[in-house]
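Asks: got a predicted structure here, sequence first:
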Amino acid sequence: MPARRVSAGGNQSGTESIWKTINKTQPDQLSVEKVNLLLAENRREHHTEEYELEKLIVRRGQVFTFEIELDRTFKPGTDEVEIFLMYGPKPRISKGTLIKLSPSKKEISSNKYWTMRFDKASRGNKLKVEMMPSVASMVGEFKMAVDCLTDGQLTRFQVMDPIIVLFNAWCPEDPVFMADEEKRNEYVLEDVGKVYVGSIANVVGRPWIFGQFDDTVLLSALFLLDSGDWIADQYKGDIVEVSRAFTAMANSSDDDNGILCGNWSGDYSGGAAPTSWTGSVDVIEHYWKNRPRQVKFGQCWVFSGVLCSLYRTLGIPARSVTNFCSGHDHDHSNTIDIHFDHNGNSLADYDDSTWNFHVWVEAWFSRKDLRNKEYNGWQALDATPQEASSGRMQCGPAPVAAIKQGDMNCGYDTGFVFSEVNGDVVYWIVEEDGSMKIARVDTSAIGRLVATKAVGSGEMVDVKGNYKFEEGSAGERDAVGAAACMGARAEYLEEYYKKNAVEDDIKFKLTHGEVKMGDSVVVNLESKNQSSEVRSIKVVMTGTSITYMGKPLGQVKRMEHMLFAPENQTARCALYISPEDYVGKIRPDGALKVAVRAEVQGTGQIYTVSEQFDFNKPKITLTPNKTTIRKGQLIKMKIQLENPLKIPLKNARIRLEAARNLRPVNINCGQVKPKHKISATVSVPTRKIGKRQFVASFDSDQLKDIQGECTVTIID
């Protein structure tokens with residue numbers, strides 16, 4: 001790539017003067033005419049040819065080549081060539097941000113340090129240069145200058161286009177190295193995937209366009225890396241520091257120019273509803289165009305998608321993972337605590353919360369900062385602003401293997417993530433004097449499924465076994481007990497975990513059928529009496545409208561019932577919730593929670609449980625006029641959806657997007673009549689060959705979070 005000269009002046013001493021061109025003053029001096037960065041060749045070798053940004057993008061720890069064209073023949077022994085590389089606004093040799101390279105006479109055999117040599121193909125006035133970025137190099141943009149020295153006379157040429165250096169999952173010496181090619185392709189190169197949402201009873205694979213090769217995604221990642229005080233320049237090659245800093249950069253909660261503003265209120269005026277996004281590109285493009293102004297709005301799956309895109313664009317293997325029945329420990333007890341007063345009334349202000357689901361990111365790298373090498377591999381990182389860590393809304397990298405062991409000494413928010421995925425739910429009775437006692441512990445309510453997309457397919461896989469031992473096993477109980485006994489309520493819990501559980505003679509079980517939007521909800525309570533006496537059971541079942549984070553919004557229906565269970569028999573009762581009960585009370589992006597409190601008369605046994613339901617919603621149908629089409633031709637995409645409710649849907653809108661083919665298109669549908677089907681056809685251009693995934697989302701005032709997808713093969 002040709003480069004031009006800039007203004008003259010200065011000598012080679014001092015940082016500022018390095019980046020000023022020095023022109024020749026004598027006719028026999030050697031000087032540079034141009035530098036060709038050999039984009040196509042280098043981008044192919046470094047697996048960066050898919051990036052839209054037409055710059056030299058290389059991966060550290062791997063040789064790249066370029067050509068220097070001189071104004072005359074190079075004379076070894078008389079002429080010298082040196083190269084300077086500058087990183088950041090104040091480069092210094094002492095910090096490793098100013099790098100001076102002289103050509104090595106040996107073959108490049110190590111990637112420990114930055115190195116360069118002249119290739120044997122160098123002839124006449126053309127020098128072919130091989131350059132190796134250090135495997136520990138800072139990632140981001142480097143500026144380059146070329147010095148020519150002839151008999152003590154200096155000329156300097158500044159290359160105007162930067163060299164962008166990324167992490168290298170192909171390099172065994174890089175902490176992000178991933179040996180398995182199929183996994184590497186999935187977690188570094190795949191630009192579409194799924195983010196799982198819903199509930200344990202209704203898991204939904206939401207299509208998501210990561211779009212890490214989009215120019216605005218890479219540019220935004222570089223901008224964030226260079227701005228603010230998140231991380232000092234000399235640490236921008238440290239994967240632990242970089243990955244942690246980006247969990248803060250992805251959110252705007254600290255007023256630090258981060259990307260995305262979280263909103264769980266249900267009122268999204270002034271921005272986009274989180275359910276309307278179909279991928280990261282649209283979010284990040286909004287940020288890039290208005291930087292550093294925050295984008296409105298996001299929730300956990302959007303934060304996860306954006307963070308995953310930022311990692312992949314920088315070369316870090318990453319995937320989105322969803323924890324269903326996810327705990328949120330507010331008081332660092334490492335348990336999820338629910339409170340009642342001595343009369344059985346809920347004390348919600350005291351409680352931790354359980355989310356239907358929570359989505360974070362796993363990034364793959366080794367932990368050279370930790371002694372335990374078993375903690376290499378997947379690391380949990382979370383950009384959703386929940387609890388401050390070291391004064392910022394950031395979380396991770398918590399080694400997944402340390403979470404499994406309940407190792408609270410590992411740092412990096414390991415304890416917080418542990419409680420999300422494996423904390424026991426502890427039900428407390430709070431007496432009038434403020435003292436507390438444990439009424440019941442549910443050991444299997446949290447972290448019931450940890451979902452991520454399978455490698456090479458659209459199927460879901462459960463990676464719960466990476467986070468916790470088998471539920472109820474000795475290893476799992478030891479990890480939970482160890483974590484709880486290091487938490488804020490250790491004085492209460494330590495004694496409990498040493499005791500044997502007392503067997504109760506009534507076994508309770510909560511069951512339900514499919515929870516479909518527009519249909520009635522039926523939740524059954526079974527009470528199996530294992531004693532030889534009749535038992536009377538006072539049952540209270542309450543349905544509540546909640547956010548997906550578990551925050552109560554209002555009661556939907558309540559039922560009290562006295563149940564009689566004959567000896568050695570099962571008695572049943574049920575809570576019936578009709579559409580008339582919940583429509584208008586359940587928020588369009590919310591859920592239903594059913595809480596049960598059953599007290600066995602005479603024995604004092606108390607059973608408390610709650611279950612959160614996400615309604616099954618209709619899907620958008622995407623039908624292309626052709627499933628295989630030539631590049632440059634238009635696809636006619638038919639979009640269809642039926643309103644399942646008996647009320648109209650107001651302010652209905654559809655968003656359609658396709659990675660590297662179609663920027664998001666918004667279709668306003670106005671009002672959709674009850675039980676009415678809407679249909680629209682959009683003409684879509686085809687620009688990139690290969691299998692391309694089209695993703696659509698639907699939102700309205702009454703019904704949100706509906707998706708659809710299809711795949712079209714584009715050929716040359």
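Replies: Nice, I can see it. All figures in this text were calculated on a predicted structure; none of them were measured in a lab.
Asks: what helices or strands is the lowest-mean-pLDDT helix or strand in the chain leaning on?
Replies: One helix or strand of the chain scores below all others by mean pLDDT, DSSP states H and E: helix 490-498, with a mean of 72. Applying 3 or more CB pairs under 8 Å, 6 or more residues apart in numbering; DSSP states H and E, we find helix 490-498 packed against strand 436-442, helix 474-484. The C-beta positions use only the backbone N, C-alpha and C, and glycine is treated the same way.
Asks: deepest-packed of the ones you listed, please.
Replies: Neighbour counts (mean count of other CB atoms under 10 Å) averaged over each of the helices and strands packed on helix 490-498 peak at helix 474-484, with a mean of 18.
Asks: what are the contacting residues of the helix or strand harbouring residue 65?
Replies: Residue 65 belongs to strand 64-70 when assigned by DSSP states H and E. Under the criterion CB atoms under 8 Å, 6 or more residues apart in numbering, residues 30-38, 41-42, 45-46, 56, 58, 81, 119, 125-131, 133, 146, 148 lie in contact with strand 64-70.
Asks: then that strand to PDB, C-alphas only?
Replies: Extracted as PDB, the C-alpha positions of strand 64-70 are listed here (Å, rounded to 0.1, in the frame of the first residue of the first chain):
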ATOM      1  CA  PHE A  64       4.100 -10.900   8.300                       C
ATOM      2  CA  THR A  65       5.900  -9.400   5.300                       C
ATOM      3  CA  PHE A  66       6.000  -6.000   3.500                       C
ATOM      4  CA  GLU A  67       8.100  -4.300   0.800                       C
ATOM      5  CA  ILE A  68      10.200  -1.100   1.100                       C
ATOM      6  CA  GLU A  69      10.900   0.600  -2.200                       C
ATOM      7  CA  LEU A  70      14.000   2.800  -2.000                       C
END
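Asks: in it, what counts as buried?
Replies: By neighbour count on 16 or more other CB atoms under 10 Å, the buried set for strand 64-70 is 64, 65, 66, 67, 68, 70.
Asks: quick check: next helix or strand after that strand?
Replies: For strand 64-70, the following helix or strand on the C-terminal side (DSSP H and E) is strand 79-87.
Asks: neighbouring contacts of that next one?
Replies: 18-19, 30, 68, 74, 97-103, 114, 116, 127, 129, 131, 138, 140-150, 163, 233, 236.
Asks: try stretch 643-653
Replies: When contacts are defined by CB under 8 Å, 6+ apart, stretch 643-653 is touched by residues 276, 516-518, 579, 583-584, 617-618, 666-678, 698-703.
Asks: only the buried subset of these, as a ChimeraX command please.
Replies: The following ChimeraX line selects those of those that are buried, judged by 16+ other CB under 10 Å:
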select :276,517,518,579,617,618,667,669,672,678,698,699,700,702,703
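Asks: from the contacts of stretch 643-653, which ones fall inside helices?
Replies: Per DSSP state H, helices hold the following members of those: residue 579.
Asks: quick revisit: which one of the buried residues of strand 64-70 is nearest residue 331?
Replies: Nearest to residue 331, judged by CB to CB, of the buried residues of strand 64-70 is residue 64 at 51.5 Å.
Asks: how near is that closest one to residue 158?
Replies: 19 Å (CB to CB, to the nearest Å).
Asks: repeat for residue 544
Replies: Separation of residue 544 from residue 158 (CB to CB): 65 Å.
Asks: list the helices and strands the longest helix belonging to the chain packs on?
Replies: Looking across the chain with DSSP H, the single longest helix is helix 300-313. Secondary-structure packing of helix 300-313 (3+ CB pairs under 8 Å, 6+ apart): strand 192-199, strand 202-209, helix 215-226, helix 239-249, strand 260-262, helix 280-290, strand 318-328, strand 353-365.
Asks: is it possible to get TSV of the ones you listed that adds mean pLDDT, distance to residue 693 and mean neighbour count?
Replies: What follows is those, written out as TSV (pLDDT from 0 to 100; distance: least, CB to CB, whole Å; neighbours: other CB atoms under 10 Å):
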stretch	mean pLDDT	distance to residue 693	mean neighbour count
strand 192-199	93	5	24
strand 202-209	92	7	22
helix 215-226	95	17	21
helix 239-249	96	25	24
strand 260-262	95	23	23
helix 280-290	95	13	22
strand 318-328	95	15	26
strand 353-365	93	19	25
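Asks: of those, which is nearest residue 477?
Replies: Closest to residue 477 of these, according to CB to CB: strand 318-328, at 16.8 Å.
Asks: any idea of the angle the closest one forms with helix 239-249?
Replies: Relative orientation of strand 318-328 versus helix 239-249 (axes from the mean of the first three to the mean of the last three CA atoms, to 10 degrees): 60 degrees.
Asks: tell me what strand 318-328 is packed against?
Replies: Other helices and strands packing on strand 318-328, by 3+ CB pairs under 8 Å, 6+ apart, are strand 192-199, helix 300-313, strand 353-365, helix 414-422, strand 449-453.
Asks: what lines up beside it in the sheet?
Replies: strand 353-365 (antiparallel), strand 449-453 (antiparallel) (DSSP bridges).
Asks: gap between it and the chain center?
Replies: Put simply, strand 318-328 sits 10 Å off its chain's centre (CA atoms, centre = their mean, to the nearest Å).
Asks: list the residues that contact residue 586.
Replies: The contact partners of residue 586, by CB under 8 Å, 6+ apart, come to 545, 556, 592, 615.
Asks: quick check: it is in a strand.
Replies: No: Residue 586: not assigned to a strand; according to DSSP: H, G, I helix; E, B strand; the rest coil it is coil.
Asks: centre-most residue in the protein?
Replies: Centroid-nearest residue in the chain, with CA atoms, centre = their mean: residue 304, separated by 2.5 Å.
Asks: hang on, residue 450 packs against residue 320?
Replies: No: in this structure, residue 450 is not within contact of residue 320 by CB atoms under 8 Å, at 11.3 Å.
Asks: my guess is residue 131 contacts residue 63. True?
Replies: Yes: the pair residue 131 / residue 63 is scored as a contact, 6.8 Å apart, by CB under 8 Å.
Asks: those two: who's more crowded?
Replies: Legend: neighbour count by other CB atoms under 10 Å for residue 131 and residue 63, higher for residue 131 (21 against 17).
Asks: excluding its backbone neighbours, what's nearest that one?
Replies: residue 116 (4.5 Å; CB to CB, 6 or more residues apart in numbering).
Asks: hmm, back to that, ok, which of the strands paired with strand 318-328 comes nearest residue 512?
Replies: Per CB to CB, nearest to residue 512 of the strands paired with strand 318-328: strand 353-365, 14.5 Å.
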